[in-house]
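Engineer: no sequence on this one, just coordinates:
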């Protein structure tokens, strides 16, 4: 049987990414349907993540599915020593699809290989977060009208931020130029720079972060410096405010330039920017719903054609 | 002189006793001999004669180890696992006291249950499961199938 699980966006071709974007567009037009009526979606969050879980559960609910699962790993049998395999096999008896977040890296790959139902990776440790990448791609396409030949600036934590790593890998099909702006302590890892070279992805590293630099951007992708990643809090204090985006820095920005952020934000984007037309992070979060509706349907074997001809729109 | 040559020859014979049928694994770096034993599960073999030589002189690698396993012919898959720890080992298949085949080991595309993932947060270090690594073509790197961590061949730890 074909494994329709989604573990990493790196598995997807250019055509598949565009296909999922087109499916997401259908859901943007009509998010409320009964396409998944009779289906059960399990959301297993072995690591808390409120916004990702709510987004997936909303996506399932708006398509008429029922949702089971847990948001707090303390309530699971994992605390009693149950293996991930046993939990997955047990839940597979009840659900048609499993959306899983896990604190261990590779957990989604492993689950996808043992489960008789599709698995959607909702984040596995510091490894992959493909649904975030899918909504990022969706948003970039929505705002730019294309994914090709864009100048994408990645700012902040480029070392631990898995969203920037996944985005970089997914964009390899679209001839982007990446611009990396990060403190030395949080610079893009050499392995990803090697990935760029291997796939002919152009990249430039900057130390400055000002209006002139930003004037070249089509997408300004800000990230939070994640306090939880630091064992040395002194180091966190040293780097956390190094690259903050303030309103005057947008003075020379291109008209099409949009500011994205995977959220939650701390202080890396000044609040006054929220009302600026370049700010797009809340719409980006909203797109998570449509992107995840597309991912769930695709994992369940529902095609774009079926979505286009869907008669269950509410 | 004659006596000297004779005793040297006898010494060699004693060091490398003839094998009627089986497999000779030669030119093993001395510090890898016991890893080879573990990898081929020779410590669990309770019926075939196994000769283990350590610190033997070798023109090629200085001091070497050698393992002779009587009546045992390994599959290529089993032998190729050795490439992870001893890529330059020599293998000889013996039948009727004659070397009937010589083999080199080559890195298999995947290694299952052989080496540990160095990432403590990898699922394979936290579930009762076999590890799985993929060889990166053209390099001496191996990548964990699950978490994507890359490890150099010379830095691997056996499970």
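Structural biologist: Received it, and whenever you're ready, just let me know what you need. Quantities reported herein were computed from a predicted structural model and do not represent experimental measurements. Residues are numbered from 1 along each chain as shown, chains lettered A, B, ... in the order given.
Engineer: what's the burial count for residue A:144?
Structural biologist: Counted with other CB atoms under 10 Å in any protein chain shown, the neighbours of residue A:144 add up to 17. No exception for glycine: its C-beta is placed from N, CA and C like everyone else's.
Engineer: and it, how far from residue A:21?
Structural biologist: For residue A:144, the distance to residue A:21 equals 12 Å [CB to CB, to the nearest Å].
Engineer: over to residue B:60?
Structural biologist: Per CB to CB, residue B:60 is found 59 Å from residue A:21.
Engineer: those two: which is more packed in?
Structural biologist: Applying other CB under 10 Å to residue B:60 and residue A:21 shows that residue A:21 carries more neighbours, namely 20 against 9.
Engineer: quick check, the more buried one in a helix?
Structural biologist: Yes - when DSSP: H, G, I helix; E, B strand; the rest coil is applied, residue A:21 is found to be in a helix.
Engineer: what helices and strands are in contact with the longest helix seen in chain A?
Structural biologist: Ranked by residue count and defined by DSSP state H, the top helix of chain A is helix A:281-299. Contact here means 3 or more CB pairs under 8 Å, 6 or more residues apart in numbering or on different chains; DSSP states H and E; on that basis helix A:281-299 packs against helix A:14-29, helix A:50-62, strand A:97-102, strand A:119-124, helix A:130-144, strand A:258-260.
Engineer: could you pull out the helices for chain B?
Structural biologist: Listed in chain order, the helices of chain B (DSSP H) span B:2-15, B:33-39, B:76-80.
Engineer: now the helices and strands packed on helix A:281-299 in CSV, with mean pLDDT?
Structural biologist: Putting the helices and strands packed on helix A:281-299 into CSV (pLDDT from 0 to 100) gives the following:
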stretch, mean pLDDT
helix A:14-29, 98
helix A:50-62, 96
strand A:97-102, 97
strand A:119-124, 96
helix A:130-144, 97
strand A:258-260, 98
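Engineer: domain ranges for chain B, per the record?
Structural biologist: For chain B, automatic domain parsing gives the domain ranges B:2-104, B:110-155.
Engineer: closest residue of chain A to chain B?
Structural biologist: Distance from chain B to each residue of chain A (CB to the nearest CB) is smallest for residue A:106, at 2.7 Å.
Engineer: which residues are contacting stretch B:40-52?
Structural biologist: Residues outside stretch B:40-52 that contact it (CB atoms under 8 Å, 6 or more residues apart in numbering or on different chains) are B:17, B:19, B:22, B:33, B:36-37, B:65-72, B:74, B:78, B:81-82.
Engineer: which stretches of the chain have low pLDDT?
Structural biologist: Because you didn't say which chain, this covers chain A. Along chain A, the model assigns pLDDT under 70 to residues A:1, A:77-78.
Engineer: let's do chain B instead
Structural biologist: Along chain B, segments meeting pLDDT under 70 span B:1-17.
Engineer: up against chain A, what does it have?
Structural biologist: Contact residues (CB under 8 Å from any CB of the partner chain) of chain B with chain A: B:119, B:121-124, B:126-129, B:144-150.
Engineer: which ones are touching the nearest residue to residue A:156 once chain neighbours are set aside?
Structural biologist: Computed as CB to CB, 6 or more residues apart in numbering or on different chains, the closest residue to residue A:156 that is not its neighbour in sequence is residue A:223, at 3.7 Å. Residues near residue A:223 by CB under 8 Å, 6+ apart: A:154-158, A:161, A:163-164, A:261-262, A:268.
Engineer: which residues does the residue in chain B positioned nearest to chain A contact?
Structural biologist: In chain B, the residue found nearest to chain A is residue B:146; the distance is 2.7 Å by CB to the nearest CB. By CB under 8 Å, 6+ apart, the contact list for residue B:146 reads A:105-107, A:109-110, B:117, B:122-124, B:132.
Engineer: state the distance from the residue nearest to it when sequence neighbours are not counted to residue A:302.
Structural biologist: Nearest in space to residue B:146, with sequence neighbours left out and distances taken as CB to CB, 6+ apart, is residue A:106 at 2.7 Å. According to CB to CB, residue A:106 stands 28 Å off from residue A:302.
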